[in-house]
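Colleague: Here you go, sequence then predicted model.
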Amino acid sequence: MVHALREARRVLKPGGVAIDLRPAMVHRRVKVMRAGLAQPIGALRERFDDDRAANRAVARVLGQRLFKLEGRQRLPLDRCMDGLDDFQAWLDDFISRGNKLRPHDWLVARVARALGPAPRRRGSVVVSGPLDLRVLRKTDD
Amino acid sequence: MDPQQNEVRALRAAANWRGVRVLEIGCGDGRLTLRLARLGAIVEAIDPDADSIRLARRALRRALPPERARHVRCRVGEGEHLDFPDESFDRVLFSWSLC
């Protein structure tokens, strides 16, 4: 990660900006929206090892004065899915991207119950979790 | 995704994107690439996954008018080994990729 930040610095023009946009280290919450009502379902139990490593990498390049932290903000983000199949596909993809999740069958089962019996399932699934955005300005050599 | 458009609003507030050269690292299926293009950026987007790059190219072809699409290129690549010359970009965006 430090190497990626160094590479970013190399390709940036003088005074250029690197932006680090990624999910905050907060467990994402899942709810079902049905007939205009929101039903909380539960939270994902992610591990944040890679996020901590990324934070350390950012801290290191800031400490080396390769970049200057110019700003940061946390913003809410919702991902809306059409139903159980979409949610299952998203979860499978999320896990496959190295998020090291334990099986979340319990969460899928709860979502399925909240959406109602097949084949008349209705409603959407919303996964909510904030994003962190950091603005890193390339310093002069 | 992001029905409130918070991600785009935050990107817009963080920097000026119109007419600037942007390297997007970890573009995935091109979701943010498309938004950057619509903000007027000239985008080089990379991702290590060839299937994602195929999806991104297809999505961008469909969603952008030709005069905007020619300002966007997607290719396979990794953030740790950038195949670009020194000082060639105004912005580098790590799209959910620095972790």
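Modeller: Good, I have the coordinates.

Colleague: Look up the pLDDT of residue B:2 for me, please.
Modeller: The per-residue pLDDT reported for residue B:2 equals 61.

Colleague: actually residue A:95, sorry about that
Modeller: For residue A:95, the model assigns a pLDDT of 76.

Colleague: Checking my notes, it in a helix, right?
Modeller: Yes - per DSSP: H, G, I helix; E, B strand; the rest coil, residue A:95 lies within a helix segment.

Colleague: From chain B, how far off is it?
Modeller: According to C-beta to the nearest C-beta, to the nearest Å, residue A:95 and chain B sit 15 Å apart. For glycine as for every other residue, the C-beta is placed from the backbone atoms N, C-alpha and C.

Colleague: residue closest to the middle of chain A?
Modeller: Centroid-nearest residue in chain A: residue A:23, 3.0 Å away (criterion: C-alpha atoms, centre = their mean).

Colleague: Find the residue closest to residue 48 in space, skipping its chain neighbours.
Modeller: Looking at chain A here, since you left the chain open. Using C-beta to C-beta, 6 or more residues apart in numbering or on different chains and skipping the chain neighbours, the partner closest in space to residue A:48 is residue A:25 (4.5 Å).

Colleague: hmm, I had chain B in mind actually
Modeller: That would be residue B:78: by C-beta to C-beta, 6+ apart, it lies 5.0 Å from residue B:48.

Colleague: Could you identify the helix or strand that succeeds the lengthiest helix in chain A?
Modeller: Among the segments of chain A that qualify as a helix by DSSP state H, the longest is helix A:49-63. Using DSSP states H and E, the helix or strand that follows helix A:49-63 towards the C-terminus is strand A:67-75.

Colleague: Need the pLDDT of residue B:8.
Modeller: The predicted local confidence for residue B:8 is 84.

Colleague: name the element it belongs to?
Modeller: Going by DSSP H and E, residue B:8 is in helix B:6-14.

Colleague: In the sheet, which residues pair with the residue nearest to residue B:48? Tell me.
Modeller: In this entry, residue B:78 is beta-bridged to residue B:81, by DSSP bridges.

Colleague: ok, how many other residues are close to it?
Modeller: Applying other C-beta atoms under 10 Å in any protein chain shown, we find 15 residues neighbouring residue B:78.

Colleague: I'd assumed residue B:46 was in contact with it.
Modeller: Yes - contact criterion C-beta atoms under 8 Å: residue B:78 and residue B:46 qualify, at 7.3 Å.
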